[in-house]
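> Sequence below, structure please.
(one chain, ligands or ions: 1)
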Amino acid sequence: MHNQPQYDIVIIGAGPAGSNLARLIDSVRYRVLLLDASTMRVKVCAGLLSPDAQRLFDRYGIVLPQDIFVDPQLCSVRVIDLAEPCVRHYRRSYLNVDRTAFDSYLRGLVPPSVDVMQARCHRIERIHNGYRLHVHHASDKQIQIDTHHIVGADGASSLVRSTLFASQNIQKYVAIQQWFAAEAIDPYYSCIFDRATSESCSWIFFKQGQLVFGGAFSPKGCRVAFEAQKRKLIEQGIVPAHIFDHPLKTEACRVSRPHLHNGIYHGDRSAYLIGEAAGFISPSSFEGISYALASSEALAAAFNSVKDDSDILRIYRKKSSRLCHKIRLKCFKRPFMYVPCLRKWILKTGLGSSKRI
Ligand SMILES: Cc1cc2nc3c(=O)[nH]c(=O)nc-3n(C[C@H](O)[C@H](O)[C@H](O)COP(=O)(O)OP(=O)(O)OC[C@H]3O[C@@H](n4cnc5c(N)ncnc54)[C@H](O)[C@@H]3O)c2cc1C
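Modelled structure (predicted):
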């Protein structure tokens, strides 16, 4: 005789993907638990809401509160190639937000019918009719939670993915960011390429009077490459030397990069992945918030529409097919940004760029 699990669905991770799923899922029909290791975590992020993320909030009828926005707001991306001194501007409108305040606002939208727990899940076991989670509760207690369905919304270093779907690899970079005191020199979002130090990209942006320099690097030698890029930015007069003298904060984390034929994984049986845990993130710009929202919306729609549990995964795949298609399209377009000769050609011709006067 087996006991009934306490929950129908446990969502691990209350970032944008987990919180949005908990908000949209029918929590009257399902007993849902949302658990996250921290209440007010500071996520390593640029905190820029892309036009796609803005469109989703518009569709949800959510007006983001004023107190999550920070200065400056950005309407242009400056592309810099350090190897071929060439700079171009492209029109693109981002909302600059405080990422901690943004995540905490989204968590606040989770209805009271969803149980919320501050706890870190450190082990997952398959049991007869679902999963047993071993969690370290904020009160320092070790507890076990049984559930029929498990959702990994636990980001780039997903425990759900590495435990239940260990063979589903995805390429990872190390993202490093440093914050410096600075008056806005040029309040752009700058996207930086340097083929000598990184096969990926780096960025500079401003937030509340601070300059943030960051980049995604191959794990081996990432810190050396990061410092080399800082030196080049000084040498090429892009950042004045004194600004880089005293970092206020250094942060690092893993960031996923899906490829054309691998990286994205929706799940199996009654375990599902959403957001960055599933590989839903732009392979070119690492923009991931809109992907987290859209994939969680697709899984919520699957849960809410099915009569038979065995159909959830099929419907989730179907409803997220546009998102997969968008990632594939970006994989095709990626060489135009990342292959040096193609990038040089695009930047030299100024294709799609905006003129400065
Ligand atoms: C340097 C950097 C800059 C970026 N800048 C942008 C940007 O400007 N705009 C943009 O759109 N995207 C950006 N991204 C990508 C974006 O941050 C992610 O794609 C997005 O946060 C993914 O959301 P998520 O909900 O899937 O995962 P996350 O936001 O990573 O949330 C995962 C949650 O799971 C919790 N968790 C993890 N493991 C466990 C566990 N074992 N038990 C309990 N809880 C757990 C964590 O505490 C966390 O709250 C950036 C990424 C990086 C690395």
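
> where does the stretch 151-300 of the chain come near the ligand, residue by residue?
Contacts of the stretch 151-300 of the chain with the ligand, taken as Cβ under 6 Å from any ligand atom, map to 153-155, 159, 175, 177, 214, 253, 255, 275-277, 281, 286-289, 292. In this view, the C-beta of every residue, glycine as well, is placed from N, C-alpha and C.

> quick one: the most centrally placed residue in the chain from Glu227, how far?
The C-alpha lying nearest the average C-alpha coordinate of the chain belongs to Gly288 (Cα atoms, centre = their mean; 3.6 Å). Gly288 is 26 Å from Glu227, where distance means Cβ to Cβ, to the nearest Å.

> same deal with Phe206?
As for Phe206, its distance to Glu227 is 21 Å (criterion: Cβ to Cβ).

> Looking only at neighbour counts, state which of those two leads.
Phe206 (22 against 13; other Cβ atoms under 10 Å).

> is the more buried one in a bridge, and if so with what?
Leu211 (DSSP bridges).

> What lies in contact with the helix or strand hosting Arg59?
For Arg59, the host element (DSSP states H and E) is helix 51-60. By Cβ atoms under 8 Å, 6 or more residues apart in numbering, the surrounding residues in contact with helix 51-60 are 49, 63-64, 92-95, 287, 289-290, 293-294, 297.

> Report the residue spans of the stretch 201-350 of the chain with pLDDT below the cut-off.
335-336, 338, 343 (pLDDT under 70).

> For it, which segments are assigned as strands?
In the stretch 201-350 of the chain, the segments counted as strands under DSSP state E, counting those that start in this stretch are 202-207, 210-217, 249-257, 267-268, 271-273.

> Pick the most deeply packed of those strands.
Greatest average neighbour count among the strands of the stretch 201-350 of the chain goes to strand 271-273 (a mean of 26), per mean count of other Cβ atoms under 10 Å.

> name the helices or strands packed onto it?
strand 142-152, helix 159-164, helix 312-319 (3 or more Cβ pairs under 8 Å, 6 or more residues apart in numbering; DSSP states H and E).

> burial measure for the one residue in the stretch 101-250 of the chain that gets nearest to the ligand, as a count.
Going by Cβ to the nearest ligand atom, the ligand is nearest to Gly155 of the stretch 101-250 of the chain, at 2.7 Å. Number of residues near Gly155 (other Cβ under 10 Å) recorded here: 25.

> for the one 5 residues further on, same thing?
Around Val160 there are 26 other residues, counting by other Cβ under 10 Å.

> Would you mind giving the secondary structure of Asp154?
Of the three states, Asp154 takes coil according to DSSP: H, G, I helix; E, B strand; the rest coil.

> The stretch 1-150 of the chain against the ligand: which residues are in contact?
Residues of the stretch 1-150 of the chain lying near the ligand (Cβ under 6 Å from any ligand atom): 12-18, 35-38, 41, 43-48, 50, 53, 120-121.

> tell me which element Leu106 falls in.
Assigned by DSSP H and E, Leu106 falls in helix 99-108.

> In that helix, which residues are buried?
Going by neighbour count (16 or more other Cβ atoms under 10 Å), the buried part of helix 99-108 is Arg99, Ala101, Phe102, Asp103, Ser104, Tyr105, Leu106, Arg107.

> which other residues reach that helix?
If you take Cβ under 8 Å, 6+ apart as the criterion, helix 99-108 is touched by 14-16, 19-20, 23, 39-43, 45, 47, 49, 64-65, 67-68, 116.

> so of the residues you listed, which ones are in helices?
Using DSSP state H, the subset of those located in helices is Pro16, Ser19, Asn20, Arg23.

> Identify the residues contacting the last one.
In this case it means Arg23. Listed by Cβ under 8 Å, 6+ apart, the contact set of Arg23 reads Leu106, Leu109, Val110, Pro111.
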